[in-house]
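>>> Predicted structure and sequence below. I'll ask about it afterward.
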Amino acid sequence: METDKLLDIYTRILRIRRFEEEVGKLFAQGQLPGFVHLYIGEEAVGAGVCAALRDDDYIVSTHRGHGHVLAKGGDMNRMMAELFGKRDGYCKGKGGSMHIADFSIGMLGACGIVGGGIPVAVGAALSAKTRGADQVAVTFFGDGAANEGSFHESLNLASALKLPVIFVCENNQYGEFTPATSAMNIKDIALRAQGYGIPGVIVDGTDAIAMYDAAQEAVARARRGEGPTLIEAKTHRRGGHAEGEDAFLAGQQYLLPEERDAMRRNDPLLKLHDYIVERKLVALETLEMLDQEIGQAVADAVAFARASEEPDETILFADRWA
Amino acid sequence: MPRKTYIAAIQAALAEELRHDPSVILIGEDVRIGVFAGTRGLHAEFGDARIIDTPISELGVAGAGIGAAATGLRPVVDLMFGTFLYLAFDQIANQAAAMRYMFGGQTKVPVTFMVQNGGGIGAGPHHSQAVHPFFMHLPLIKVVMPSTPYDVKGLLKAAIRDDNPVIFLNHLSLGGQRGDVPDDEYLIPLGKADIKRAGRDVTIVCAGLMVHHALKAATKLAAQGIEAEVIDLRTLKPWDEETVLASVARTGRCVVVDESYPVCGGASEWAACISEKAWDHLTAPVQRVSSAHVPIPFSPVLEKMVIPQPANIVAAVHRVVAQPEPERI
Ligand SMILES: Cc1ncc(C[n+]2csc(CCOP(=O)(O)OP(=O)(O)O)c2C)c(N)n1
Ligand SMILES: [Mg+2]
C-alpha cells in the first residue's frame, strides 16, 4: 500500500480516537445530554472502508456513528456542536449523537433504531443504479442488527436487484450486554451471505489495511454492477455499550475476561502505528505532530460547540415540509 | 407502608406474577441485566426457562409472545422503548389485535408488551416518541399508562392476568419516583381511572408523566383561586368515561393532556368523546394539550418546548376558565 494511503487511514483512525476520547470525558462530566455510544476500538472498520470510497459514495451509520461520520470526512466542529445539542450542529441540535448526518459528503445519517439504516443504504444504491451513476452505498451495522428482519430483507433485496451495496457488519461480539454467542448459533455472520447468493467475507476489523483491502474489492465489484457483498469485521468495543453504563449496571458484569485481554492486544490504532513505525514509513515525529494537530482540532471543536447558541423556536418548527 | 421507586414496583409486580402463575414468562432483549432495571434480579429466582434474553428481533420476539400466549402461556414481552414497538407493529396489529375475533373466539391472547414510552431525557427522535395512540386505535388491545409506584405495581399485575393483549407503557422520567407500595397483593382493575386531586372548577384528564405535570399545574392554579380536578386515566383503552364524565358534569370545564401528538392523539379521542357526551355540562370548549407535531428533537431546550409542561396546562385551564358562564334563561 502506498504510504500516503496508509497515512490517510491512520489519520482517520486517530481523528476518531481523539474525538471519542474527548466525548467520553465530556459525557462523564455531565456535559452531554442523552445517550452516547463510542466507536473506540472499532476505528479501523470505518476508516479502512471509507478510505476505499469516493467522496460521492454513500454511507449509512448506526447509533455508534461518530466514527463513521469522521471516517467519511465529517467536520468535528459541527459534530461536537450536535452532541451538545447546539444550533451550529449538523442537525441544528435536533438529531444528537445517534442522528448525525452530512449529506454533502454522502453521510446519510446515523440511526437510533438498530438495523434501521440497512434498508436506507439499499435505497441509496437503488438510486445510484437507476440514475446510472457508479456510486456505491455502504451500510455499517452491528452483530446485533444482523438479527433484525431489516437485515434479511435488505440483503435479499439488494442481491435480487444486484445493487451496489456493501454491507459492513461490525461484529464487536455484543449487542448491549448480550454476547453474540447467545443471540445466534453461528460464529460467523458472513456465513449468512451464502443464503442470499452474495459473497461473505470475514476480516480482522482491528486491522485497518485488511479492512481497506476487503472494502476495495467489494466496492470494485459493486461498481462493476455485480451486486452486494457482506463484509464481517471482527472487532471489539473497548468501552462499554454506552457511556455511563456502570451507573445503571450497578455492579453487574457482562464482559468475559478473555474478551478484555483480546481487546488490549488488538487496538487498531496501536496496530497501525506500530506497522508504520516498524517499517519506518513515516517519521515518528510526523505522527506525533499529527496527533497534536488532531488534539488541537478536538479542543477547537469543543470550544466551537460551547460557543454555539441553543436552538430556538424557529429552528424547532423549521425543516418540516419540503 | 413501604416506600418504593417506580422501578422497584415494576420488579415487585413481575416477581409476584412469576411466582403466582407458572405460565408467566418474561422475554426480551437484555431482560436478565435489566437495562431499565425493571426486570433486574428476576433471572436469579426464576432461571433461564422463564427469564429469556433474546436476539434483537422485535418483530420475531413480539410474534413469539403472541404465539405463546395463544397456546397457554402468559408472556410479558419487554421491548425497551415505545418506538421499538414500531418494529413489532405488524404482529401486534395483524395478529394480537385480530386473532381472537377473526378465529371466531377459538383462542385468547394474554400477552403484555412492556416499554418505556415518551421523551424528556434527551434521547433523540428514535427513542422519545409517545406511541400509545397507534395502539389505542387498534381493536382488542388494552393500553395502560401508570403514573405512580403504587399504580404501576397494581396495574402491571392486572395487565399480566388480563386475558387480552395489553400494551403497558412506563415512563423513563418516572423510574426514580418514590411512593407507598404495599408488599401485600393488590390489583388495580384495568379501565378504572383515579382522581389524583379533587377540585370543583375544571377537570384535567391525563395519564403517566402528564399526571405529575397536571398536579404541578393544579398547585399553581390553586394559588390563583382555581381548583382543578386531576383525573389519572391509568388505562387509556378502555378508558373510564364514567369517572371523567361525572367530573365534567361537576366542573363544566375540561382540559385533556397527553404526551402524544395533537393529530389523532390520545387527547383527540378523549376530547371528542367528552364534547359529544358532556355537551350539556360544558361551559367552554374542551381544550387539548399535546406535544408539538414534530419528531422529538434531541436538544433538551427544544424537547421541553415540544412536550407539554405544567405551564402549558395552566394556560389551557385559563382558556377554559376565562369563558363566561352561558346565560341561563
Ligand atoms: C430496534 C431497536 N432495538 C433495540 C434497541 C436498543 N439497542 C440500542 S444499541 C443495541 C445493541 C446493538 O447491538 P449491535 O447491533 O451489535 O451494535 P453495537 O452496539 O454492538 O455496535 C440495542 C439493543 C434499539 N436502539 N433499536
Ligand atoms: Mg455489537
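Done, it's in. Numbers count the residues shown, from 1 in each chain, chains lettered A, B, ... in the order given. Ligands and ions are numbered 1, 2, ... in the order given.

>>> What is the burial count for the residue in the stretch 1-150 of chain B that ligand 2 sits nearest to?
Distances from the stretch 1-150 of chain B to ligand 2, computed as CB to the ion, single out residue B:56 as the nearest residue at 9.2 Å. No exception for glycine: its C-beta is placed from N, CA and C like everyone else's. Residue B:56 is flanked by 25 other residues according to other CB atoms under 10 Å in any protein chain shown.

>>> ditto for residue A:246
10.

>>> Which strand or helix spans it?
Using DSSP states H and E, the secondary-structure element containing residue A:246 is helix A:245-249.

>>> try residue A:154
When elements are assigned from DSSP H and E, residue A:154 belongs to helix A:149-160.

>>> Just the buried positions in that helix, please.
For helix A:149-160, the buried set under the neighbour-count rule, 16 or more other CB atoms under 10 Å in any protein chain shown, comprises A:149-152, A:154-159.

>>> out of those, who's nearest residue B:318?
When these are compared for distance to residue B:318 (CB to CB), residue A:150 wins out at 46.9 Å.

>>> so the closest one touches residue A:116, yeah?
Yes - taking CB atoms under 8 Å as the definition, residue A:150 is a contact partner of residue A:116 at 6.8 Å.

>>> pLDDT weak spots in chain B?
Counting by pLDDT under 70, chain B contains low-confidence residues at B:323-329.

>>> all strands for it, in order.
B:3-5, B:24-28, B:51-53, B:74-81, B:112-116, B:142-144, B:166-170, B:178-180, B:194-197, B:202-206, B:228-232, B:235-237, B:254-257, B:287-289 (DSSP state E).

>>> May I see those strands organised as JSON lines, with mean neighbour count added?
Output for the strands of chain B, formatted as JSON lines (neighbours: other CB atoms under 10 Å in any protein chain shown):
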{"stretch": "strand B:3-5", "mean neighbour count": "17"}
{"stretch": "strand B:24-28", "mean neighbour count": "23"}
{"stretch": "strand B:51-53", "mean neighbour count": "21"}
{"stretch": "strand B:74-81", "mean neighbour count": "25"}
{"stretch": "strand B:112-116", "mean neighbour count": "27"}
{"stretch": "strand B:142-144", "mean neighbour count": "26"}
{"stretch": "strand B:166-170", "mean neighbour count": "27"}
{"stretch": "strand B:178-180", "mean neighbour count": "14"}
{"stretch": "strand B:194-197", "mean neighbour count": "18"}
{"stretch": "strand B:202-206", "mean neighbour count": "30"}
{"stretch": "strand B:228-232", "mean neighbour count": "27"}
{"stretch": "strand B:235-237", "mean neighbour count": "24"}
{"stretch": "strand B:254-257", "mean neighbour count": "29"}
{"stretch": "strand B:287-289", "mean neighbour count": "22"}
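
>>> what sits up against stretch A:145-158?
Under the contact criterion CB atoms under 8 Å, 6 or more residues apart in numbering or on different chains, stretch A:145-158 has outside partners A:62, A:114-116, A:118-119, A:121-122, A:125, A:139, A:141, A:163, A:165, A:167, A:169, A:175, A:183-184, A:189, A:192-193, A:196, A:198, A:227-228, A:230, B:55-60, B:87.

>>> With stretch B:135-142 instead?
Residues from elsewhere that reach stretch B:135-142 (CB under 8 Å, 6+ apart): B:85, B:92-93, B:96-98, B:100-101, B:143, B:159, B:162, B:164-167, B:190-191, B:235-238, B:264, B:266, B:269.

>>> can you give me the end-to-end distance of it?
The first and last residues of stretch B:135-142 sit 8 Å apart, counting by CA to CA, to the nearest Å.

>>> swap in stretch A:181-193?
The separation between the terminal residues of stretch A:181-193, taken as CA to CA, is 18 Å.

>>> One more: stretch B:125-145?
Stretch B:125-145 has its terminal residues 21 Å apart, counting by CA to CA.

>>> Now it: buried residues?
Of the residues in stretch B:125-145, those with enough neighbours to count as buried (16+ other CB under 10 Å) are B:125-136, B:138, B:141-145.

>>> can you check stretch A:263-278 too?
Of the residues in stretch A:263-278, those buried by neighbour count under the rule 16+ other CB under 10 Å are A:263, A:266-269, A:271-273, A:275-276.

>>> With pLDDT as extra columns, can I get those residues in TSV?
Output for those, formatted as TSV (pLDDT from 0 to 100):
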residue	pLDDT
A:263	82
A:266	92
A:267	96
A:268	97
A:269	98
A:271	97
A:272	98
A:273	98
A:275	97
A:276	97
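
>>> Residue A:248 and residue B:37 touch, don't they?
Yes - at 6.7 Å, residue A:248 and residue B:37 qualify as touching, with contact defined as CB under 8 Å.

>>> Pull the most distant pair out of the buried residues of helix A:149-160.
So, the buried residues of helix A:149-160 by CB to CB: farthest apart are A:149 and A:159, at 15.8 Å.

>>> Just the helices from the stretch 51-200 of chain A, written as ranges.
Chain-ordered helices for the stretch 51-200 of chain A, with DSSP state H, counting those that start in this stretch as the definition, fall at A:66-71, A:76-83, A:118-131, A:149-160, A:180-183, A:192-196.
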